[in-house]
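[1] what's the 3D shape of this:
(chains A and B)
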2 protein chains.
Amino acid sequence: MSDFLTLKADIIKNFGTPCAVVDLNVLEKNISRVQKICDNAGLSNRPHIKTHKSGEVARMQIDAGASGVTCQKLGEAEVMAAAGITDILIATNLLGAAASGALSALQSRISLKVCADNTYSISAYAEAAREAGRILDVLVECDTGQKRAGVETPEEAFNLAQLIDNDSHLNFKGLLYYPTKNNWKKTEVFNAKLVELLSSKNLIPDIVSTGGTPNLQNLGTLSGSTEHRAGTCVFNDLMMVKDGFATMDECALRVYTSVVSRAGKDRGILDAGSKALTSDQGGLNGFGFIQEYPDASIHKLAEEHGFLNLVNCAVKPSVGEIVRVIPNHVCVVVNMFRELVLVRDTKIIDVIKVEARGMLV
Amino acid sequence: MSDFLTLKADIIKNFGTPCAVVDLNVLEKNISRVQKICDNAGLSNRPHIKTHKSGEVARMQIDAGASGVTCQKLGEAEVMAAAGITDILIATNLLGAAASGALSALQSRISLKVCADNTYSISAYAEAAREAGRILDVLVECDTGQKRAGVETPEEAFNLAQLIDNDSHLNFKGLLYYPTKNNWKKTEVFNAKLVELLSSKNLIPDIVSTGGTPNLQNLGTLSGSTEHRAGTCVFNDLMMVKDGFATMDECALRVYTSVVSRAGKDRGILDAGSKALTSDQGGLNGFGFIQEYPDASIHKLAEEHGFLNLVNCAVKPSVGEIVRVIPNHVCVVVNMFRELVLVRDTKIIDVIKVEARGMLV
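    Residues are numbered from 1 along each chain as shown, chains lettered A, B, ... in the order given. Reported below is the predicted structural model:
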């Protein structure tokens, strides 16, 4: 039996399927690679933990040189704080957690950095900081083309920065960007203008943050940037392969899943459906790449069924076979699993909880 | 302040947003309605718990007259067993849980009914039953057009039934169908032929099971059927509204989410993204219906951002406003939340855990 057949047998015997399995060799290489990219660009590395949602993996990133972490939700920050991480940026308007008191509760224990693109958020942050009895660092979120959150003009950003600076409970900490591949130039112009406006009031952004794994390929392009936050690169996935950032071998996570039905000649069913692989196709075809059967496609999902099209496979899998699936979008897939099994080569090393999964507030 | 504004304020203060909120009045009506539909058709009601994944809601269904429950995963059955439910059907080929020993462990505590569409599964079940020291009931899964799991011919089903019957650890318990709207006639022909074959060997199916909420509209159409398993009808969603089974008022669950950004005139951002509403559109447009702004659309999701298009709204929501979203496909949305907040009219009554979320094996 090949080593991988032995590993598959060990996985199903110990955990059943579907099971999310992370190769530690690849994970360590990915962490080290991204740290080097940031180091070479002279930027701090502040990984986004949305991808792994694990205190243990975050610690590996910090140990490799990351300056802190990025979270998207207060509940994620709580998990990171519990893992001993003290430098935490939450990269969004945090209204739900501000209203529920969760923000002030965590801020009273550790110093947080949060983001705002509007006056309502700033008022909510001021109130939370007042309750916590500790100055809250606030970054202004700027949009340069993604049309998500973020003010659209340097003037709006400048006004918010002054509002933050004028509040005795808040500290203007910096600027948050998410420049996409095609708008670094626009971001450059936006940021230059904004920094000029800020300088007129002696407001110096400590942090000018860029984001995204694809954008690691353009790192350092924004003059004045101080740090980068990227999530997916810790594991990588088919989206990152398509994007040219990673190879299949650099994808650290695979979903081990059993072929549970072969009721038709050219079709089959996996025990991983949309509650494991998710319906998020990441702009690609299908729902993952099957390592053992590159010519098979997972063409459709029901909640707990993955529909296999095997028409192009010369050899087709049998019921009971375990296959490894590289997900289209790994960040949402990890969020479906309660735990990740860590392996090195073909040995099971550890099991870690996806501690921050379902931390929606 | 209207009652609903008070409730929204209570929800965000106690839980933050996004928050999954279930109206008990609607839930109770839905449970009672489906029980009556099954009673009127002379069929046992065996609700599929995939939708709510909660022992407490399952108990409500049993108390209303359900004969037992349907699960899709062994881990779901473990949760139902812990809630005191003893009549449990697992409607799939359960290979992962059979291989990990989880099936025999649960079968040694309570008697389960499982399904098979192939000989490999039957062997795995026999082994699990032998280990558990208790006869395992097995149904044969039949496909009459859905092309998911299930044998495609009465002859194959007959062969599997005999194989089950011949195994001293297994008991042939019946037949599992999922007739879709357009193939009741085909299912009728399939089942009649199969029952004829089975009779020749004195094999009588105790259970002939049909499934699906949409199919509640054709209930009793299959002669010889004994029970129905439907999941979504406990909460309902936009798919069931589109299908004609439910009205908006019969949708029991809403995601309460905050408008966290309004950086452009005709756009906005909700704090519910694909990790709350999921990328599963259920064949519909958008990612949910906003009760307060019927002319708004959630046209795109990032992981934690819902992208609002407000161009058609005469009045547009402000940052800080809480809106209620009816999901496209409620079964996958519930699976993203750690808990459900139960309300009656506009009062918070209880909070229950989504105990079986992430039970993938």
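[2] Neighbours of A:Asn182, how many?
    One way to gauge burial is a neighbour count; for A:Asn182, by other Cβ atoms under 10 Å in any protein chain shown, it gives 8. To be clear about C-beta, it is placed using only N, CA and C from the backbone, and glycine gets the same treatment.
[3] wait, I meant A:Arg33
    Residues near A:Arg33, counting by other Cβ under 10 Å, number 16.
[4] which parts of the helix or strand harbouring it are buried?
    For A:Arg33, the enclosing helix or strand under DSSP states H and E is helix A:24-41. Across helix A:24-41, burial judged by 16 or more other Cβ atoms under 10 Å in any protein chain shown covers A:24, A:26-27, A:30-31, A:33-35, A:37-38, A:41.
[5] In a markdown table: the residues you listed, plus distance to chain B and pLDDT.
    Supplementary listing: these in a markdown table, determined by distance: Cβ to the nearest Cβ, whole Å; pLDDT from 0 to 100:
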| residue | distance to chain B | pLDDT |
| --- | --- | --- |
| A:Leu24 | 22 | 98 |
| A:Val26 | 22 | 98 |
| A:Leu27 | 20 | 98 |
| A:Asn30 | 19 | 98 |
| A:Ile31 | 21 | 98 |
| A:Arg33 | 23 | 98 |
| A:Val34 | 19 | 98 |
| A:Gln35 | 23 | 98 |
| A:Ile37 | 22 | 98 |
| A:Cys38 | 22 | 98 |
| A:Ala41 | 25 | 96 |
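[6] residues making contact with the next helix-or-strand element following the helix holding A:Arg33?
    Sequence-wise, the next helix or strand beyond helix A:24-41 is strand A:44-45, with elements assigned using DSSP H and E. Applying Cβ atoms under 8 Å, 6 or more residues apart in numbering or on different chains, the external contacts of strand A:44-45 come out as A:34-35, A:38-39, A:61, A:65-68, A:226-228.
[7] Secondary structure element holding A:Phe307?
    Taking DSSP H and E as the criterion, the element that holds A:Phe307 is strand A:306-309.
[8] same check, this time on A:Ala99
    Here A:Ala99 is covered by helix A:95-100, with elements defined by DSSP H and E.
[9] Dump that helix to CSV, restricted to CA.
    Written as CSV, here are the backbone C-alpha positions of helix A:95-100 (Å, rounded to 0.1, in the frame of the first residue of the first chain):
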residue,chain,number,x,y,z
LEU,A,95,-21.3,47.9,14.5
GLY,A,96,-22.9,44.7,15.8
ALA,A,97,-20.1,44.0,18.3
ALA,A,98,-20.1,47.7,19.3
ALA,A,99,-23.8,47.6,20.1
SER,A,100,-23.6,44.4,22.0
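[10] how about it, does it reach chain B?
    Yes - where contact is defined by Cβ under 8 Å from any Cβ of the partner chain, part of helix A:95-100 touches chain B, namely A:95-97, A:99-100.
[11] helices and strands around that helix, which ones?
    Counting contacts by 3 or more Cβ pairs under 8 Å, 6 or more residues apart in numbering or on different chains; DSSP states H and E, helix A:95-100 packs against helix A:74-82, helix A:119-132, helix B:3-15, strand B:253-264.
[12] ok, for A:Thr6, nearest residue in space, not its chain neighbours?
    Nearest residue to A:Thr6, sequence neighbours excluded (Cβ to Cβ, 6 or more residues apart in numbering or on different chains): A:Thr346, at 6.3 Å.
[13] related to what we said a few turns ago, which outside residues touch the helix holding A:Arg33?
    Contact partners of helix A:24-41, identified using Cβ under 8 Å, 6+ apart, comprise A:44-45, A:47, A:57, A:60-61, A:64-66, A:216, A:219-220, A:227-228, A:230, A:233-236, A:249-252, A:342-345, A:349.
[14] Go through those residues and flag which are in strands.
    Residues from the contacts of helix A:24-41 lying in strands, with DSSP state E as the criterion: A:44-45, A:227-228, A:342-344, A:349.
[15] I'd like to know which of the residues you listed is nearest to chain B.
    Out of those, the one with the shortest distance to chain B is A:Val343. That distance is 16.5 Å, counting by Cβ to the nearest Cβ.
[16] just to revisit the earlier point, format the helices and strands packed on helix A:95-100 as a markdown table; extra columns: distance to B:Gly320, mean pLDDT and mean neighbour count.
    Formatted as a markdown table, the helices and strands packed on helix A:95-100 follow (distance: least, Cβ to Cβ, whole Å; pLDDT from 0 to 100; neighbours: other Cβ atoms under 10 Å in any protein chain shown):
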| stretch | distance to B:Gly320 | mean pLDDT | mean neighbour count |
| --- | --- | --- | --- |
| helix A:74-82 | 16 | 98 | 23 |
| helix A:119-132 | 5 | 97 | 20 |
| helix B:3-15 | 10 | 95 | 16 |
| strand B:253-264 | 7 | 97 | 25 |
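[17] Output those as a markdown table; include the columns distance to A:Val315.
    Shown next, in a markdown table, are the helices and strands packed on helix A:95-100 (distance: least, Cβ to Cβ, whole Å):
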| stretch | distance to A:Val315 |
| --- | --- |
| helix A:74-82 | 43 |
| helix A:119-132 | 56 |
| helix B:3-15 | 51 |
| strand B:253-264 | 45 |
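[18] what's the closest of the ones you listed to B:Ala356?
    B:Ala356 lies closest to strand B:253-264 among the helices and strands packed on helix A:95-100, at 16.1 Å (Cβ to Cβ).
[19] Just the CA atoms of the closest one, as PDB, please.
    Included here for strand B:253-264 are C-alpha records, laid out as PDB according to Å, rounded to 0.1, in the frame of the first residue of the first chain:
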ATOM      1  CA  LEU B 253     -36.200  32.600  10.200                       C
ATOM      2  CA  ARG B 254     -34.700  35.900   9.400                       C
ATOM      3  CA  VAL B 255     -31.100  37.000   9.600                       C
ATOM      4  CA  TYR B 256     -30.900  40.300  11.500                       C
ATOM      5  CA  THR B 257     -28.000  42.300  10.000                       C
ATOM      6  CA  SER B 258     -26.700  45.800  10.300                       C
ATOM      7  CA  VAL B 259     -26.000  48.200   7.500                       C
ATOM      8  CA  VAL B 260     -22.400  49.000   8.300                       C
ATOM      9  CA  SER B 261     -21.400  51.100   5.300                       C
ATOM     10  CA  ARG B 262     -23.100  53.500   2.900                       C
ATOM     11  CA  ALA B 263     -20.000  54.800   1.100                       C
ATOM     12  CA  GLY B 264     -21.800  55.400  -2.200                       C
END
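[20] The next helix or strand after that strand near chain A anywhere?
    In the C-terminal direction, the helix or strand that comes right after strand B:253-264 (DSSP H and E) is strand B:267-270. Yes - for strand B:267-270, a contact with chain A is found by Cβ under 8 Å from any Cβ, at B:267, B:269.
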